[in-house]
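**Student:** what follows is a predicted protein model with its sequence.
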Amino acid sequence: MKVLITGASGQLGQELVDAFSSWETIPTNFHNLDITDKTAVSQNFESSLPSWIIHCAAWTDVEGCAKDPEKAMKINAEGTRNLALAAKKINAKLVYISTNEVFDGKKKEPYIETDAPNPLNPYAESKLVGEKFVQEILGEDGIIIRTSWVFGPKGRSNFPLKILKAAENNPELKVVDDEFATPTYAPDLAKAIFELVKKNTTGIFNLVNGGYCSRYDWAKEIINLSGIKKPLLRIHLADYSRLSNPPGYSVLSTQKAENLGVKLRSWKDATKEFLENI
């Protein structure tokens, strides 16, 4: 089986290359495949003829997307449409990595796959449009994976690394305590995606590690496990100046995947392993 992976140089993409190592893998990134170039994408697919495309290339800079919504749409939405159209031409299946931020956080209990999205910021809007393109173009040949707060040992700028750097450079740390979701460990997520692909599933799946927490709770766990002795102060989303609005509560239910035997370990265990590995 042959699989093409977009965004293969990112923290999730690198883990996906490892997770699919028993298959013939075609890693791509923005240097050798511009997903916004429809012709280039089509030619690439017709030449390489993958059976599956795992699409995790995206512009994930939420603040950057808020500054330039048109660029966000071009990369995250139109780029996904180009991939879906090219996949359809060669009868390939596509897995699209989406986000918890497609929800507005008003539900106050874990979101299931059939809940109605209502994005609050340009990044989330562009990812949701990407979802719709996958559904409209590929139908049963498309899988949408919604996940949250991804971090991994091959990342360069994830939340745990930012907390560790902030602890080095500041006498105290301020972290929001009213934004809730689930930290998701990239190696665990990649393995779970591989398991779903092997089962030849279709549709939307939530994939995150077990449990959930606030940003403050996660930062506290990171500091405690790292033995850092710095004060950690609670602040609220309203106190944190930013261009984009994240949902205050975007915890995802993973029951649908669990019913198929795909379950990730707890976020605390994953965070512990991450800190040990770095």
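**Tutor:** Sure, I can see it. No experiment lies behind these values; they were computed from the predicted model shown. Numbering: from 1, shown residues only.

**Student:** now do the strands in the stretch 1-150 of the chain.
**Tutor:** 2-6, 24-27, 52-55, 93-99, 142-147, 150-151 (DSSP state E, counting those that start in this stretch).

**Student:** which stretches of the stretch 151-278 of the chain form strands?
**Tutor:** Counting by DSSP E, counting those that start in this stretch, the stretch 151-278 of the chain has strands at residues 173-176, 180-181, 184-185, 203-206, 213-214, 232-235.

**Student:** with distance to residue 47, mean pLDDT and mean neighbour count added, can I get those in CSV?
**Tutor:** Bear in mind the C-beta positions are built from the backbone N, C-alpha and C, glycine included. Formatted as CSV, the strands of the stretch 151-278 of the chain follow (distance: least, Cβ to Cβ, whole Å; pLDDT from 0 to 100; neighbours: other Cβ atoms under 10 Å):
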stretch, distance to residue 47, mean pLDDT, mean neighbour count
strand 173-176, 46, 93, 19
strand 180-181, 39, 98, 24
strand 184-185, 33, 98, 24
strand 203-206, 29, 98, 20
strand 213-214, 45, 97, 20
strand 232-235, 51, 93, 15
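
**Student:** now those in TSV, with distance to residue 133?
**Tutor:** Listed next are the strands of the stretch 151-278 of the chain as TSV, based on distance: least, Cβ to Cβ, whole Å:
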stretch	distance to residue 133
strand 173-176	32
strand 180-181	24
strand 184-185	23
strand 203-206	14
strand 213-214	32
strand 232-235	37
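
**Student:** of all those strands, which lies closest to residue 37?
**Tutor:** Among the strands of the stretch 151-278 of the chain, strand 203-206 comes nearest to residue 37, with 27.5 Å by Cβ to Cβ.

**Student:** count of residues packed around the closest residue to residue 108 other than its chain neighbours?
**Tutor:** With sequence-adjacent residues excluded and distances taken as Cβ to Cβ, 6 or more residues apart in numbering, residue 108 is closest to residue 249, at 5.8 Å. If you count neighbours by other Cβ atoms under 10 Å, residue 249 ends up with 21.

**Student:** any chance of the strands of the stretch 1-150 of the chain in CSV, plus distance to residue 221, mean pLDDT and mean neighbour count?
**Tutor:** Conversion of the strands of the stretch 1-150 of the chain to CSV gives the following (distance: least, Cβ to Cβ, whole Å; pLDDT from 0 to 100; neighbours: other Cβ under 10 Å):
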stretch, distance to residue 221, mean pLDDT, mean neighbour count
strand 2-6, 30, 97, 24
strand 24-27, 32, 97, 18
strand 52-55, 29, 98, 26
strand 93-99, 22, 98, 25
strand 142-147, 19, 98, 24
strand 150-151, 12, 97, 24
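
**Student:** out of these, which comes closest to residue 110?
**Tutor:** strand 142-147 (11.7 Å).

**Student:** list the contacts of the closest one.
**Tutor:** 84, 93-100, 102, 113, 131, 134-135, 184, 189, 193, 196-197, 201-208, 252 (Cβ atoms under 8 Å, 6 or more residues apart in numbering).

**Student:** mind doing that once more with 6 Å?
**Tutor:** Under the criterion Cβ atoms under 6 Å, 6 or more residues apart in numbering, residues 94-98, 100, 131, 134, 184, 189, 202, 204-208 lie in contact with strand 142-147.

**Student:** need the CA coordinates for that strand. PDB is fine.
**Tutor:** Only the C-alpha atoms of strand 142-147 are listed here, as PDB (Å, rounded to 0.1, in the frame of the first residue of the first chain):
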ATOM      1  CA  GLY A 142     -12.800  11.000   2.900                       C
ATOM      2  CA  ILE A 143     -11.900  10.800   6.600                       C
ATOM      3  CA  ILE A 144     -11.900  13.900   8.800                       C
ATOM      4  CA  ILE A 145      -9.900  13.800  12.000                       C
ATOM      5  CA  ARG A 146     -10.600  16.400  14.600                       C
ATOM      6  CA  THR A 147      -7.900  16.800  17.200                       C
END
